[in-house]
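S.K.: Quick one, what's the 3D model for this:
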Amino acid sequence: MFLHNQVGTGKGRTSFRLFSFLLLTTVILATLIPIFPALVIRDTETNRLVWSSQIADDGTFAIRWTHSINRTPVVETYRVQNGQIILSELTFQDYGIGMETQLADDEQLISENGLFRIVNMHRAYPALHLFIGQVRANHTLLFSGREIPLADVDNPGAAVTIRVEKRSILQAIGGY
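M.R.: Modelled structure (predicted):
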């Protein structure tokens, strides 16, 4: 009598198949499902992504620009909180057209070292919309110790939208 021993059957093979299926499903979902917050800049007209980087909740960034009238730098400091962009501080040398003239509750105006600072700000925005300066504004994103001129990420004069988006690994790798 010939005994035939079947190889690769039984509980071990079924467990391996189940494990492989679950692992593959997890990898696919992790690459497709938006899981981490990122600060993104999109061209407003085309919605094309022009820049992005991962940012933690409570992460900070700033936008520095030159005031068109008094030609001095202005720095707007923001904090990310629950997907919102919170203006937390404004620093400038001279008052000019378009500068804050009234303080909200709890905000303070401090004058030190030749600068004015409005601190304790908590102004929430779902997104920031701006036109990249063409002449002297020199809009610059200050992020993670880097200075990123916005004219390098999109054309001067272009309208851009800055917001926090949940991004997947695939989106981060693919750049869309």
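
S.K.: Point out where the protein drops to low pLDDT.
M.R.: Applying pLDDT under 70 to the chain picks out residues 1-10, 25-34, 96-99, 169-176.

S.K.: What residues does the residue most central in space within it make contact with?
M.R.: In the chain, the C-alpha nearest the mean C-alpha coordinate belongs to Leu39, at 0.9 Å (CA atoms, centre = their mean). Each residue near Leu39 by CB atoms under 8 Å, 6 or more residues apart in numbering is listed here: 52-55, 59, 61, 80, 143, 162-164. All C-beta atoms are positioned from the backbone trio N, CA, C, and that covers glycine.

S.K.: go with 7 Å
M.R.: With contacts defined as CB atoms under 7 Å, 6 or more residues apart in numbering, the neighbours of Leu39 are 52-53, 55, 61, 143, 162, 164.

S.K.: now do Leu130
M.R.: So Leu130 contacts 139, 160 (CB under 7 Å, 6+ apart).

S.K.: Could you measure from it over to Arg71?
M.R.: 18 Å (CB to CB, to the nearest Å).

S.K.: quick one: the strands in the protein?
M.R.: For the chain, applying DSSP state E gives strands covering 36-43, 49-54, 60-66, 73-81, 84-92, 108-112, 115-119, 123-125, 127-131, 140-143, 146-149, 159-167.

S.K.: Please list the outside residues in contact with the third one.
M.R.: In this structure, residues lying in contact with strand 60-66 by CB under 7 Å, 6+ apart are 39, 73-79, 133, 136-143.

S.K.: Would you list the buried entries among the residues you listed?
M.R.: Restricting these to buried positions leaves 39, 74-79, 133, 137, 139-143, with burial counted as 16 or more other CB atoms under 10 Å.
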